[in-house]
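**Q** The sequence and its predicted three-dimensional model are supplied below.
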Amino acid sequence: MKAAKGITDLASTLIAAASAPLVTTQALKVEKKPAGEGGTMQMTLRPLRSLYARYVDKAAERSKVEGRSVSVQEIMLEVLEKGAKA
């Protein structure tokens with residue numbers, strides 16, 4: 001059997017790689033993301049099924065009146081905005 005060449009070089013390379021960090025410190029810095037367009041943010045709501053059904057009905061009625069698809073989310077946002085102004 002032939003003697004393997006460069007074993008000491010391979011060993012030193014493996015030791016150096018094992019001791020090196022996987023992620024650089026620059027990649028670890030957390031960048032602040034700018035606010036979304038219009039200053040909006042993400043929010044999750046979990047309404048009761050009965051309340052959600054009412055919003056679905058309102059969205060369906062508005063869709064028929066306006067001739068375009070109106071989402072339940074649009075209706076919810078309008079109700080929240082009205083409540084904030086009151």
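**A** Arrived safely.

**Q** neighbouring contacts of the longest helix that the chain contains?
**A** In terms of residue count, the longest helix belonging to the chain (DSSP state H) is helix 49-66. Helix 49-66 is touched from outside by 47, 69, 70, 71, 72, 74, 75, 76, 79, with contacts defined as CB atoms under 8 Å, 6 or more residues apart in numbering. Quick note: C-beta positions are derived from backbone N, CA and C, even for glycine.

**Q** quick one: buried residues of the helix or strand following that helix?
**A** Using DSSP states H and E, the helix or strand that follows helix 49-66 in sequence is helix 72-85. Under the neighbour-count criterion of 16 or more other CB atoms under 10 Å, helix 72-85 has 72, 75, 76 buried.

**Q** Please name every helix or strand in contact with helix 72-85.
**A** helix 49-66 (3 or more CB pairs under 8 Å, 6 or more residues apart in numbering; DSSP states H and E).

**Q** hmm, back to that, and the contacts of helix 49-66 as TSV, adding distance to residue 21 and pLDDT?
**A** Below are the contacts of helix 49-66 laid out as TSV (distance: CB to CB, whole Å; pLDDT from 0 to 100):
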residue	distance to residue 21	pLDDT
47	46	93
69	51	95
70	52	95
71	46	95
72	47	95
74	48	95
75	50	95
76	46	94
79	50	93
